[in-house]
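Asks: Dropping a prediction and its sequence here:
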Amino acid sequence: MNTVLRDRKALLAFVGPALLIYLVVLFVPIVWSIGYSFFEARQFVDLSS
């Protein structure tokens, strides 16, 4: 176990894909919602109705 943790290539092989999936699941919705709020949201909403 210690030899696997010392080997950087093995560590990246195991942790890399999981970290990539985690970051995609975390940051894609954040970036999507920021882009949506700038380009698709209405600026003025009629609240009188």
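Replies: That came through, no problem. Numbering: from 1, shown residues only.
Asks: helices or strands next to the lengthiest helix in the chain in the packing?
Replies: Using DSSP state H to define each element, the chain has its longest helix at helix 8-39. Taking 3 or more C-beta pairs under 8 Å, 6 or more residues apart in numbering; DSSP states H and E as contact, the helices and strands that helix 8-39 lies on are helix 2-6. Placement of C-beta: from N, CA and C, glycine included.
Asks: Give the rounded mean pLDDT of the longest helix of the chain.
Replies: Mean pLDDT, helix 8-39: 89.
Asks: list the buried ones in that helix?
Replies: Neighbour counts over helix 8-39 (16 or more other C-beta atoms under 10 Å) mark no residue as buried.
Asks: let's have the chain start at 678 instead
Replies: Sounds good: first residue 678 from here, last item helix 685-716.
Asks: chain center to that helix, what's the gap?
Replies: Offset of helix 685-716 from its chain centre (C-alpha atoms, centre = their mean, to the nearest Å): 3 Å.
Asks: now the most centrally placed residue in the chain: how far from residue 697?
Replies: The structure's the chain has its C-alpha centroid closest to residue 704; by C-alpha atoms, centre = their mean the separation is 2.1 Å. Separation of residue 704 from residue 697 (C-beta to C-beta, to the nearest Å): 11 Å.
Asks: Next: residue 715.
Replies: If you measure residue 715 against residue 697 using C-beta to C-beta, the figure is 26 Å.
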